[in-house]
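Novice: prediction below, plus the sequence it came from.
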Amino acid sequence: QLQLVESGGGLVQPGGSLRLSCAASGSSLDYYTIGWFRQAPGKEREGISCIASIGGSTNYADSVKGRFTISRDKAKNTVYLQMNSLKPEDTAIYYCASRLFSICVIMPSEYGVWGQGTQVTVSS
């Protein structure tokens, strides 16, 4: 059974960068579309990026487009989220999740298996 574990969060100053990892076990990520989501205190969970299982097409929320990049390392069975030019409003718990369908969408309701999350705090 697929399990996902996020890592790479932390405290960073505005304008800084972080790379989040979503490591999979129990199954190959090749079969899954992977999404990244975030949830700030008092706010709904927001979809920010995804990468399709077939073809590797990607999608980004407007709020992160041009700053964040999603990628997949098949050999490491891991999906990454490179986050650059971070802003205080990027502060949230970041989650990765999987869906079996190959279409890349960033709606939380479309994803079934979730990781436990990693905290990202952007502050001076």
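Specialist: All right, it came through fine.
Novice: and the residue nearest the centre of the chain?
Specialist: Nearest to the mean C-alpha position of the chain, by C-alpha atoms, centre = their mean, lies Trp36 at 2.4 Å.
Novice: roughly how far does that one sit from Ser124?
Specialist: 24 Å (C-beta to C-beta, to the nearest Å). (C-beta placed from N, C-alpha, C; glycine too.)
Novice: give me the contacts around the helix or strand in which the residue nearest to the centre of the chain is found.
Specialist: Using DSSP states H and E, Trp36 sits in strand 33-39. The contact list for strand 33-39, computed with C-beta atoms under 8 Å, 6 or more residues apart in numbering, reads 20, 22, 45-53, 68, 70, 72, 79, 81, 90, 92-106, 108, 110-111, 117, 120.
Novice: inside strands: which ones of these?
Specialist: Taking DSSP state E, the ones among these that sit in strands are 20, 22, 46-51, 68, 70, 72, 79, 81, 92-99, 120.
Novice: from the residues you listed, list the buried ones, please.
Specialist: 20, 22, 46-51, 68, 70, 72, 79, 81, 92-99, 120 (16 or more other C-beta atoms under 10 Å).
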